[in-house]
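> Have a look; sequence and predicted model below, questions after that.
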Amino acid sequence: MRTPAKQSTARRSGPSLARNAPVLLLTCLLAGPATLFASTVNEDAAFGDAARGEEIYQQCAGCHSLSYNRTGPKHCGIMGRRAGGVNDYVYSDAMRRSDLVWTRETLDRFLANPGAVVPGTTMGYAGIASDQNRRDLIAFLESAGESPEHCGLTED
Amino acid sequence: MHTDSKSTRAVALPRRQFLFQSAATVLSGTAIALLAGKPALARAAGDDKAASDVRILNTALAAEREAVAAYGVGAESGLLSQGVLGVAVTFQGHHKEHADVLASTIRDLGGSVAEPVKSHNFPVDQLKSEADVLKFAASLERGAVSAYAGAIPLFDNRDLSKAAASILADEAMHWAVLRQALGLDPVPGAFFS
């Protein structure tokens, strides 16, 4: 992704370093965060496709919802949440004692084989075998799980 | 989404309702034959594999109870036309039968049937039309198909896998009928997981 800061740098040529030092400094200051942001966006895109993940999430709709508890707990605010951490949902002992915190890595492992990662979980589901499908689903949970549209302004 | 005229739906749905009423007898009869009185189900409650099967069955039971309640919300919403209402009540009846069979099977396995939840959360504020109710029901049925597809490989007892497959088939048909009523392709693919 090109940023305005990068473009202004690209157009400059010839003038001395000393005369342009303030401009270069400003450019670096602006380009640094912008580049970091671009890098994060690219990493997210490389990690998973949230739009595709939304389609895959239909498979979860027998038991889960983003915004309210059903047979399974709601998913709003899931990233960074301790497993078993939705206050008004009754979890299995196995999940409450799992000591997991939901990150990309832990979700990926759990979704691949829930019963192996949390033996005794009530999520009686064989898992999602495809690495890409799991990443896409997690990308969707990351974005939708924080969206005001689905989750309002409060979360657990 | 296409839009079927209401008159088209009114003609089409009662016929499906008839078909499903016939099918219900076959499916529930099959499920009961598969599960009721099977000596293999009379396991010791302490058996880890049986305990795992019971856990899965209790999760399925919770989902079936929720489906019964969800169809109840739809049926009582006042948003459904007569033909659609009849189908909703029929499908609700199927889910009740599934729940009954699951509960009796849990007991046969020596397990404890989980208590029903006191209330269900449904997005009732988003149900403003018949199409909204149909979409909501379709999303639950779609998810149920996946839930059973994901549970079937986990059962230690193959009779339970077979019975769960028959429930999956019924709920897949529900999903197809609901999609048809919404004017969507009733069977939008060759494979589902």
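Perfect, I can see it now. Numbers count the residues shown, from 1 in each chain, chains lettered A, B, ... in the order given.

> Please enumerate the helices of the chain.
Picking chain A for this. A:4-11, A:17-47, A:50-57, A:93-96, A:104-112, A:114-117, A:131-144, A:148-151 (DSSP state H).

> my bad, the chain I had in mind was chain B
Under DSSP H, chain B gives helices at B:6-35, B:48-75, B:82-108, B:130-151, B:158-181.

> These: lowest mean pLDDT?
Among the helices of chain B, helix B:6-35 has the lowest mean pLDDT, at a mean of 43.

> Return the helix or strand in chain A with minimum mean pLDDT.
Ranked by mean pLDDT, DSSP states H and E, the helix or strand of chain A with the weakest confidence is helix A:4-11, at a mean of 36.

> Can you give me every residue that contacts residue B:61?
B:99, B:102, B:103, B:106, B:113, B:114 (Cβ atoms under 8 Å, 6 or more residues apart in numbering or on different chains). Where C-beta positions appear, they are placed from N, C-alpha and C, glycine not excepted.

> burial of residue 142, as a residue count?
With no chain named, the answer covers chain A. 20 (other Cβ atoms under 10 Å in any protein chain shown).

> Correction: the question concerned chain B.
Neighbourhood size, residue B:142 [other Cβ under 10 Å]: 21.

> Residue B:139 too?
17.

> Could you do residue B:125 as well?
Applying other Cβ under 10 Å, we find 6 residues neighbouring residue B:125.

> same question, residue A:70
23.

> Report the separation between it and residue A:108.
Distance of residue A:70 to residue A:108, given as Cβ to Cβ, to the nearest Å: 23 Å.

> now residue B:134
Residue B:134 is 34 Å from residue A:108, by Cβ to Cβ.

> These two: who's more crowded?
residue B:134 (26 against 18).

> Using CSV, lay out the helices of chain B together with distance to residue A:146.
What follows is the helices of chain B, written out as CSV (distance: least, Cβ to Cβ, whole Å):
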stretch, distance to residue A:146
helix B:6-35, 38
helix B:48-75, 26
helix B:82-108, 33
helix B:130-151, 21
helix B:158-181, 29
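
> mind checking which of these is nearest residue A:76?
Across these, residue A:76 has its closest neighbour in helix B:130-151 (17.0 Å, Cβ to Cβ).

> Wondering if the closest one reaches chain A at all.
Yes. Using Cβ under 8 Å from any Cβ of the partner chain, helix B:130-151 reaches chain A at B:139, B:140, B:142, B:143, B:144, B:145, B:146, B:147, B:148, B:150, B:151.

> ok, for the first one, nearest residue in space, not its chain neighbours?
Nearest-residue entry for residue B:139: residue A:61, 4.9 Å, with adjacent residues in sequence omitted and distances by Cβ to Cβ, 6 or more residues apart in numbering or on different chains.

> Could you pull up the residues touching the one you found?
Taking Cβ under 8 Å, 6+ apart, we find residue A:61 in contact with B:139, B:140, B:142, B:143, B:146.

> got it, and residue B:152?
Counting by Cβ under 8 Å, 6+ apart, residue B:152 touches A:126, B:161, B:164, B:165, B:168.

> how long is stretch B:174-189 end to end?
Using Cα to Cα, to the nearest Å, one end of stretch B:174-189 lies 15 Å from the other.

> Can you give me the buried ones in that stretch?
For stretch B:174-189, burial by neighbour count (16 or more other Cβ atoms under 10 Å in any protein chain shown) applies to B:174, B:175, B:176, B:177, B:178, B:179, B:180, B:181, B:182, B:183, B:184.

> got it, and stretch A:83-92?
Residues of stretch A:83-92 classed as buried: A:83, A:84, A:85, A:86, A:91, A:92 (neighbour count, 16+ other Cβ under 10 Å).

> Turn the residues you listed into a markdown table, including distance to residue A:103 and pLDDT.
A markdown table is the format used below for these (distance: Cβ to Cβ, whole Å; pLDDT from 0 to 100):
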| residue | distance to residue A:103 | pLDDT |
| --- | --- | --- |
| A:83 | 11 | 97 |
| A:84 | 15 | 97 |
| A:85 | 13 | 96 |
| A:86 | 17 | 96 |
| A:91 | 18 | 96 |
| A:92 | 21 | 96 |
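
> With respect to chain B, which of those is nearest?
Within the buried residues of stretch A:83-92, the smallest distance to chain B is 7.9 Å, found for residue A:92 (Cβ to the nearest Cβ).

> Now do the closest one against residue B:176, distance only.
Counting by Cβ to Cβ, the gap from residue A:92 to residue B:176 is 33 Å.
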